[in-house]
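Colleague: Model the structure of this input:
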Amino acid sequence: MCTVVIDVTDAETARLLAVRDEDPLREWDEFGAWWPEQYPGVSGIRDRRAGGAWLAVDPVEHRLAVLLNRADVVDLSTELAMSRGSLVLESVSGRSPQPPLRMHGFNLLEVGPTGARVLSWDGAELREAPITPGTHMIAHDDLDDEATPRIAAWLPEFRALGPTADSPQWAEEWTALLAASARLSPEDDRAIIRDNRPHGYPTQSLLYCTASVAPDGVSVDYHALPAPARWHA
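Modeller: Have a look, this model is predicted:
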């Protein structure tokens, strides 16, 4: 139940804030170049168990991808399901997923040289939602889905900050708003920094990144939370 806020300026420029929710017992490696042989030049946040990535970038190709889980309609056992972590690494290497997919549901946010989009898989259909200029939000349902309480609560607040292109301090401003959202209980369904256990999932917010993809380069800032679902003091 991760969360991403993205501001698209034009086809070549986007800035985003991504919050990762995962089982704290599932170990990960911080942002780095973990795949030098299979994916040379790619850096990302690696899942140690499966070896894939939650977020990754290829700065030379100006590509970024982030993976968010979503519900599906497929009856697929854990033994038969492929890891979704390969999606991010393949995406930043220029290979987007094609159905049929032996995977559980996902939202894959792709940012590249020709724009940004969300690819959504529900186990039966792969849908594409192009991301138009402006500020948008995605979680475990559709892009800008107001039925998702955290989107309904916080997307207007992020939009009220104005275009990131107008503020050199956009990352600090967005992080300050994320901090303000953390005043909610992490069990509140409007929360971005979350504890999803009351909702039937073992996942909690563990880290967040701010990132920029622009003609002059790609940058990512990684921040681990001091404890699961706990904001910095």
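
Colleague: residue contacts, the spatially most central residue of the chain?
Modeller: Central residue of the chain (Cα atoms, centre = their mean): V66, 4.0 Å from the mean position. The contact partners of V66, by Cβ atoms under 8 Å, 6 or more residues apart in numbering, come to 2, 4, 16, 18, 54-55, 88, 108-109. Every C-beta, even on glycine, is put in place using the N, C-alpha and C of the backbone.

Colleague: now with 6 Å?
Modeller: Contact analysis of V66 by Cβ atoms under 6 Å, 6 or more residues apart in numbering lists 4, 18, 55, 109.

Colleague: List just the nearest of those residues to T135.
Modeller: Checking the contacts of V66 against T135 with Cβ to Cβ, the nearest one is V4 at 11.3 Å.

Colleague: beta partners of that closest one?
Modeller: A18, I138 (DSSP bridges).

Colleague: Correct me if wrong: it contacts I138.
Modeller: Yes - under the criterion of Cβ atoms under 6 Å, V4 makes contact with I138 at 5.1 Å.

Colleague: Just want to know which of those two has more residues nearby.
Modeller: I138 (28 against 24; other Cβ atoms under 10 Å).

Colleague: returning to what we had before: please tabulate the contacts of V66 in CSV, including the columns pLDDT.
Modeller: Putting the contacts of V66 into CSV (pLDDT from 0 to 100) gives the following:
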residue, pLDDT
V4, 98
A18, 98
L55, 98
L109, 98
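
Colleague: Same list, these, but as CSV with distance to R150 please.
Modeller: Below are those laid out as CSV (distance: Cβ to Cβ, whole Å):
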residue, distance to R150
V4, 11
A18, 14
L55, 19
L109, 16
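
Colleague: ok so E30 is a strand residue?
Modeller: Yes - looking at E30 with DSSP: H, G, I helix; E, B strand; the rest coil, it is inside a strand.

Colleague: What about it, how many residues nearby?
Modeller: E30 has 12 nearby residues by other Cβ under 10 Å.

Colleague: Quick check: the gap between it and G94.
Modeller: With distances taken as Cβ to Cβ, to the nearest Å, E30 is found 25 Å from G94.

Colleague: Quick check: E22 touching T203?
Modeller: Yes - with contact defined as Cβ under 6 Å, E22 reaches T203; the gap is 5.4 Å.

Colleague: which residues sit in contact with A152?
Modeller: Counted by Cβ under 6 Å, 6+ apart, A152 has contacts E146.

Colleague: Relative to the whole chain's centre, how far out is the host helix or strand of it?
Modeller: Per DSSP states H and E, A152 falls inside helix 149-160. Here the centre of helix 149-160 is set off from its chain's centre by 16 Å, with Cα atoms, centre = their mean, to the nearest Å.

Colleague: ok so, going back, from the contacts of V66, pick the one nearest H199.
Modeller: Using Cβ to Cβ, the contacts of V66 come closest to H199 at V4, 18.8 Å.

Colleague: what sits against that closest one?
Modeller: 16, 18, 66, 109, 138.

Colleague: same thing with V88?
Modeller: 53, 56, 65, 67.

Colleague: same thing but at 7 Å, please
Modeller: When contacts are counted by Cβ atoms under 7 Å, 6 or more residues apart in numbering, V88 touches 44, 52-56, 65-67.

Colleague: now do G32
Modeller: G32 touches S43, counting by Cβ under 7 Å, 6+ apart.

Colleague: That one and S91, how far apart?
Modeller: 18 Å.

Colleague: pLDDT score for H232?
Modeller: For H232, the pLDDT comes out at 86.

Colleague: And it, how close does it get to L178?
Modeller: According to Cβ to Cβ, H232 stands 10 Å off from L178.
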